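**Student:** return atomic coordinates for the entry below.
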Amino acid sequence: MGSDPVVKGYAEALFQVVQAEEVLDRVEEELTRLKNALETNPEVKEFLSNLQISPEGKKSALSQIFGEKVSTITLNWLNLVIDQGRQRKLPNIIETFFTLAQESREKVTAEVITSVPLTEDLVQRLEKELSKASKKQVFLKPMIDESILGGVIVKIENKIIDGSVKHRLEEIKQEMVKTY
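**Tutor:** Sure thing, here's the model as predicted:
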């Protein structure tokens, strides 16, 4: 977990509320979507970090963007982070929250990177298979990276399983270089 006491404090505060309200899975899913939005849309990150935009403007925009899509707990927590001027630390706070959530439930988070979005059915099947293989309950964090061309990359605990087309092509290229 991060050594920054500010990051840890915000993550722990949210975690305690979420535990008390028994909405851990929902908030974890919402924060996964938010983190993905921050990572894939530089405009969102820039907007939140822009000192020219008032906290009220940022909160209003987030409310319009997320509105009914996120719980009031998540929205209120985001508003608090913005009011305190800590939005630049959001990615680290969210990661620390994920660590707290994982530790709390003998559950491991697996990042699954694909070139196209996974269907809900496929996400559930992957979670089930990875849970069997790891003997732990697996929470899937689907991510999209078109550069892998196809297939899937799974990052679970300290392991990376690379079944991407890009990786396979690299292996073939290495074999060809060795033989010539």
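**Student:** and the pLDDT at the residue nearest to Ile53 when sequence neighbours are not counted?
**Tutor:** Leaving aside its chain neighbours, Ile53 sits nearest to Phe47 (6.7 Å; criterion: CB to CB, 6 or more residues apart in numbering). Using the backbone N, CA and C atoms, a C-beta is placed for each residue, glycine as well. Looking at Phe47, its pLDDT is 89.
**Student:** ok, Phe47 to Lys69 distance?
**Tutor:** 17 Å (CB to CB, to the nearest Å).
**Student:** more crowded one of those two?
**Tutor:** Ranked by neighbour count (other CB atoms under 10 Å), Phe47 and Lys69 place Phe47 first, with 16 against 10.
**Student:** how far out from the middle of the chain is the one helix or strand the more buried one maps to?
**Tutor:** Phe47 is part of helix 42-49 when elements are defined by DSSP states H and E. Distance of helix 42-49 from the chain centroid (CA atoms, centre = their mean, to the nearest Å) equals 17 Å.
**Student:** list the buried residues for that helix?
**Tutor:** For helix 42-49, the neighbour count (16 or more other CB atoms under 10 Å) marks Val44, Lys45, Phe47, Leu48 as buried.
**Student:** swap in stretch 104-118?
**Tutor:** Those buried within stretch 104-118 under the rule 16+ other CB under 10 Å are Lys107, Val108, Thr109, Ala110, Val112, Ile113, Thr114, Ser115, Leu118.
**Student:** circling back: now the angle between helix 42-49 and the helix or strand following the helix holding Phe47, please.
**Tutor:** Counting by DSSP H and E, the next helix or strand C-terminal to helix 42-49 is helix 55-66. Calculated by axes from the mean of the first three to the mean of the last three CA atoms, to 10 degrees, helix 55-66 forms an angle of 150 degrees with helix 42-49.
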